[in-house]
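**Student:** Got a predicted structure plus its sequence, pasted below:
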Amino acid sequence: MTTIGYAFGFIGAGLMVASYMMKSMMPLRVVALAANVFLVAYAMMGGSWPTMVLYAVMIPINVKKVREIRKLVKAIESAKADTPVAEWLLPHMHRREAKAGQPLWNKGDVATEMIYVQAGTLRLVERDERIGAGALVGEIGLFAPDNRRTMSIVCDTDCTLYSLSAEGMAALYYQNPKLGYHVMRLVVERLMRDAEQARVAAAAALAPPEPQSGAVA
């Protein structure tokens, strides 16, 4: 083993240790990728073929992860308040079918997922309000202090849904905190819209009835 080989080994080991100490996923993957390259060079110079194969296999895995994270970062950075969720979150969700009349959750249930409606219609039971394709529901429960559902939801028609679990949301947030910021913005917008609807409904209930117009004899 030459001095350069040992240097590659120590650099690779140092980078590998540093990757385990990082909190953000993107720097972690980049540093781990650099560590793999140095350790492969070290293993080749020392003739340690099992070690070389191990770290050589890790190189394409880390390259793939770096590309995925960069794609997610770019999608989130370009997303606006009115950007369809399908353009940036759907690739990380799981597809499933639901039949008409099937309940998704009841008021007071523990929130474990949020749902994107790709096709079909959902119904908010307490409001008797319909939610159509393109809507994101259930995100408020994931961020509520008690993680409880505020309303019951059933499928008004046969639906194609995509779900993201609370654990999946946490994993995506770990990869890039900007995702959490964007979802929180969606939550705030939903709460503001609900508050405005409640204000309008309350004002309408308190408004005096309009006088009836009638013919004058």
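**Tutor:** Cool, got the structure.
**Student:** Spatially, and excluding backbone neighbours, which residue is closest to the residue most central in space within the chain.
**Tutor:** Against the mean C-alpha coordinate of the chain, by CA atoms, centre = their mean, the closest residue is residue 169 at 4.4 Å. Counting by CB to CB, 6 or more residues apart in numbering, residue 169 lies nearest to residue 142, which is 6.2 Å off, once chain neighbours are set aside. From N, CA and C alone the C-beta is placed, and that goes for glycine too.
**Student:** pretty sure the residue nearest to the centre of the chain is touching residue 147, no?
**Tutor:** No: Residue 169 is not in contact with residue 147 according to CB atoms under 8 Å; the separation is 11.9 Å.
**Student:** where do the helices sit along the chain?
**Tutor:** Assigned by DSSP state H, the helices in the chain fall at 3-20, 25-46, 49-78, 139-143, 166-175, 177-206.
**Student:** Between those, which has the poorest mean confidence score?
**Tutor:** Note on these: helix 177-206 shows the lowest mean pLDDT, a mean of 73.
**Student:** Show me how far that helix is from its chain's centre.
**Tutor:** Averaging C-alpha coordinates over helix 177-206 and over its chain gives two centres that are 19 Å apart (CA atoms, centre = their mean, to the nearest Å).
**Student:** State the number of residues packed around residue 102.
**Tutor:** For residue 102, the count of nearby residues is 11 (other CB atoms under 10 Å).
**Student:** Distance check, the closest residue to it other than its chain neighbours against residue 141.
**Tutor:** Using CB to CB, 6+ apart and skipping residues adjacent in sequence, the residue nearest residue 102 is residue 155, 4.7 Å away. Distance from residue 155 to residue 141, counting by CB to CB, to the nearest Å: 18 Å.
**Student:** Same check on residue 8?
**Tutor:** To residue 141, residue 8 is 50 Å away according to CB to CB.
**Student:** Which residue ranges make up each domain of this structure?
**Tutor:** 3-78, 85-201 (automatic domain parsing).
**Student:** So which of those is nearest residue 208?
**Tutor:** Of all these, domain 85-201 sits nearest to residue 208, with 16.0 Å by CB to CB.
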